[in-house]
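Visitor: sequence and predicted structure, then a few things I'm wondering about:
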Amino acid sequence: MNHKYKFSLAYCLFIPLILVFFTGCGGNPEQTPDLDGTEWSLTEMNGEAIPEDVEINIAFSEGQLSGQSACNRYFAGYDQEEDTLRIDQPGSSNMYCEGLMDYEAEYLQTLGEVKSFELSGDSLKMLDQSGNAILVFRK
């Protein structure tokens, strides 16, 4: 009878230590945030600041993105898997805006080069295949 008590006491002390060890070591790995439901304004494209009078933005919603691309509204499908991002060929309305069309053309082309992204605070960086920040957005 005395041995049963020692055996039970050992398990009572040992099992909580095992549980603490496994929960402490495993922890929750940091998960990549989901872009769905977020909206951003472009501040930098291909290393150049966007002038304040040029409005380019993006909104993510249920596998679709949309926004203002300097002159026209645009839209495209997207797939996010962790920090990998694939954007379909965007479509857009077809207006002409003097002085804005170069920004728009470059932006829509650059969207097609996006392969991944990084989120840091209020900043969203879209990266090309080499990991270079080609589009930088702010909330």
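Guide: In hand now; what should we look at?
Visitor: got the CA coordinates for the longest strand seen in the chain in PDB?
Guide: Once the chain is assigned using DSSP state E, the strand that runs over the most residues is strand 72-81. The C-alpha trace of strand 72-81 is given here as PDB (Å, rounded to 0.1, in the frame of the first residue of the first chain):
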ATOM      1  CA  ASN A  72      -9.700  54.400 -62.900                       C
ATOM      2  CA  ARG A  73     -11.300  51.900 -60.600                       C
ATOM      3  CA  TYR A  74      -9.700  48.500 -60.900                       C
ATOM      4  CA  PHE A  75     -10.400  44.900 -59.700                       C
ATOM      5  CA  ALA A  76      -8.800  41.500 -59.700                       C
ATOM      6  CA  GLY A  77      -8.900  38.100 -58.000                       C
ATOM      7  CA  TYR A  78      -6.200  37.200 -55.500                       C
ATOM      8  CA  ASP A  79      -5.000  34.100 -53.600                       C
ATOM      9  CA  GLN A  80      -3.200  34.400 -50.300                       C
ATOM     10  CA  GLU A  81      -1.500  31.400 -48.700                       C
END
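Visitor: just checking: what are the partner strands of it?
Guide: The strands beside strand 72-81 in its sheet (DSSP bridges) come out as strand 64-69 (antiparallel), strand 84-87 (antiparallel), strand 91-92 (antiparallel).
Visitor: which residue packs closest to residue 136, ignoring adjacent ones?
Guide: Once flanking residues are discounted, residue 136 sits nearest to residue 44: 3.8 Å by Cβ to Cβ, 6 or more residues apart in numbering. (Each C-beta comes from the backbone N, C-alpha and C, glycine too.)
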